[in-house]
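1. Build me a model from this:
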Amino acid sequence: MVGASVAFMSLYLGAGALTPLLVTYEHDFGFAPELLTVAFAVYAAGFLVATLTLGSLSDHVGRRPVLVAALVVQLLSNVLFLVGTDIGWVVAGRVVQGIASGAATSAFTAAIVEFAPEGRKRIGAILASVSLTGGLAVGSLLAGLAVELTPAANTIIFVVLIALTVLGGVTVLASNETVTPGPGSVRSLAPRIVVPAAARREFYACAPVVAAAWMLAGLSGGLAPNMVRTVFGLDSAFLGGLAGFVAPAVATVVGLLTATISPRRAMTIGIHASVLGAVGIIGGVLAGSLALMIVGQAVAGIGFGSAFTAALQLVIPLVAPHERAGIVAAVYLVAYTAFGVPIVVEGRLAGPLGEIPVVVGYTALTILLAVAGLVARTRPARRG
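-> Numbering: from 1, shown residues only. Predicted coordinates for the structure are as follows:
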């Protein structure tokens, strides 16, 4: 279980490393500012394509074949970033990186849960969640430090990531298969998301909260590093990496701390923290205070760590083993739609309307989604 979690984390180290690197690429390659959000969001597009087509494949062919193939694709993305020379390479690398993550995330999450001992499956769901957020946090901070301290940051970062990806592949190959291959693999490739009836009510109650949490995660990973420069006037790769680090780092710690809290209570905590964090981010942007914005991101990280981990814990136990990867794919479909699409819209509107008003509107939308989730939760809470 731990080995699978570390291999899973290696995928998201690469995704997190791009948080400060994208700002550096904008400077080095000289592309238009609005392409920065596109380069960030195409990761989500690749992720969604892979999730829609490959999200349930491991339920039929086994976890290991899907995970090994995904890690090979991740290796390709690392090479693209290593040798890239313009925005085209960056976009291609992000798409391939998203495909690798989308193919692997459902299978890794299901496998980690299956590796957990009977009676402790909830711990597996928590490990899967914190592996994702921990990878994003550590990748962002270390990449920011590398950019600040060395002119060869891109080379150092992706050579290390290539080595970690290879190590992750070896770990997966050495692990036991948890699924007996069966029929239906070709049919599973048809792009469709089906939420089993047993989990439907819970899934739809969780969906707006998951969307709000991942929009705030998109702000931290896609907008905040550039805002350090454009809104707060600070030209520092380290501060950009820190802005991308805080929310997922807090989410990782909170995800571990909530292991002893019931999922429903953790979800309620997550909703309230998401709202408070969003208010703090808006206050920091309007007041011109980077410190206040980062505090708001930290509180939003509490919301992400509580709510997203709780969502996985609430829906996964409701479905049969052969449906686990499929329900995880449905959760991540909501997550990455919220993670990518609003960022592109923000990038398009920031030019004509101004960065600050658009960021405030973006963040205010997360408050509405979180409140909608709070209202939706009252219904399953009464019936469950």
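
2. Report the contact partners of the closest residue in space to Pro33 that isn't next to it in sequence.
-> Closest residue in space to Pro33, ignoring its immediate chain neighbours: Glu26 at 6.9 Å, by Cβ to Cβ, 6 or more residues apart in numbering. The way it works is simple: take the backbone N, C-alpha and C, and place the C-beta from them, glycine included. If a contact means Cβ atoms under 8 Å, 6 or more residues apart in numbering, then Glu26 has 33, 35-36, 226 as its contacts.

3. element containing Glu26, please.
-> Glu26 is part of helix 2-29, with elements assigned from DSSP states H and E.

4. Distance from the chain centre to that helix, please.
-> Taking Cα atoms, centre = their mean, to the nearest Å, one finds helix 2-29 lying 11 Å from the centre of the chain it belongs to.

5. Ok, stretch 277-285 next?
-> From the chain centre to the centre of stretch 277-285 is a distance of 21 Å (Cα atoms, centre = their mean).

6. cool, and stretch 288-303?
-> Using Cα atoms, centre = their mean, the mean C-alpha position of stretch 288-303 is found 18 Å from that of the whole chain.

7. repeat for stretch 282-296
-> Shown here is stretch 282-296, whose average C-alpha point lies 23 Å from the average C-alpha point of the whole chain (Cα atoms, centre = their mean).

8. If any of the contacts of Glu26 are buried, give me the PyMOL selection for them.
-> Buried members of the contacts of Glu26, identified by 16 or more other Cβ atoms under 10 Å, are gathered into one PyMOL selection as follows:
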select buried, resi 35+36+226
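
9. now, which of the contacts of Glu26 sits nearest Val96?
-> Distances from Val96 to these, taken as Cβ to Cβ, are shortest for Leu35 (17.6 Å).

10. what's the nearest residue to the closest one if we skip its chain neighbours?
-> In space, Leu35 comes closest to Ile87 once its chain neighbours are excluded; the distance is 5.8 Å by Cβ to Cβ, 6+ apart.

11. Ok, Gly222 next?
-> With sequence-adjacent residues excluded and distances taken as Cβ to Cβ, 6+ apart, Gly222 is closest to Phe40, at 3.9 Å.

12. Same check on Val172?
-> The nearest residue in space to Val172 (Cβ to Cβ, 6+ apart) is Leu67, at 4.7 Å.

13. before we move on, what about Gly139?
-> Closest residue to Gly139 in three dimensions, ignoring its sequence neighbours and counting by Cβ to Cβ, 6+ apart: Gly16, at 2.6 Å.

14. Return the distance of the one you found relative to Glu323.
-> Per Cβ to Cβ, to the nearest Å, Gly16 is found 30 Å from Glu323.
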